[in-house]
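Colleague: Predicted model and sequence below, questions to follow.
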Amino acid sequence: MKNETLQVLTQFHREVFLPDMQRMIDNQTDLMNVRFDQVYTLFDGVFGKFDRLESELVALKGGLARVEARLTDVETRLTNVEIRLTDVEARLTDVETRLTNVESRLRSVESELQVVKNELARFERWRSDLEVRFDASDQNAARDAKIAEINEQLTALNERVAALETRH
């Protein structure tokens, strides 16, 4: 009986239990394979996204390096422009100062010119008065000498006026 029982159990195991177990294991393996396929698909998607993100990161780093280089160039150019602008401002201040000095000297020359013109007018009136007085009196050498002296003074004054007007 012991042998018989062992044979029946062995046969039961071989014919019933083992195929059922194999079928259950196969079903579970199929289910697990489906799940693993889903997980692998998800991992493939994540890895694909990581690859794209890594490529984009490399591209962003390269672009950022180019932007930084261009920004450095722009900063250098801006610094040069600021230096040139400071130089232009200094030169403009110098020109303004010189222009103010020229305007001041011009007013001084105009004032001096007016004084010379007034003196010239006074000399011309004096000469006219002398000519009238000398015309009324006798022609003599003293009168001619005085008139020559006045004419020389008038010529010198006219030259000074001409010089001042060219400076004006």
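Modeller: Sure, I can see it. Residues are numbered from 1 along each chain as shown.
Colleague: what helix or strand is the residue nearest to the spatial centre of the chain on?
Modeller: When CA atoms, centre = their mean is applied to the chain, the residue found nearest the centroid is residue 78 (4.3 Å). Using DSSP states H and E, residue 78 sits in helix 18-136.
Colleague: what's the angle from the helix or strand just after that helix to helix 18-136?
Modeller: As assigned by DSSP H and E, the chain's next helix or strand after helix 18-136 is helix 141-167. Taking axes from the mean of the first three to the mean of the last three CA atoms, to 10 degrees, one finds helix 141-167 and helix 18-136 inclined to each other by 170 degrees.
Colleague: For helix 141-167, name the packing helices and strands.
Modeller: Where contact means 3 or more CB pairs under 8 Å, 6 or more residues apart in numbering; DSSP states H and E, helix 141-167 is packed against helix 18-136. From N, CA and C alone the C-beta is placed, and that goes for glycine too.
Colleague: out of everything not next to it in sequence, what's closest to residue 123?
Modeller: Distances taken as CB to CB, 6 or more residues apart in numbering put residue 154 closest to residue 123, at 5.7 Å, once the chain neighbours are dropped.
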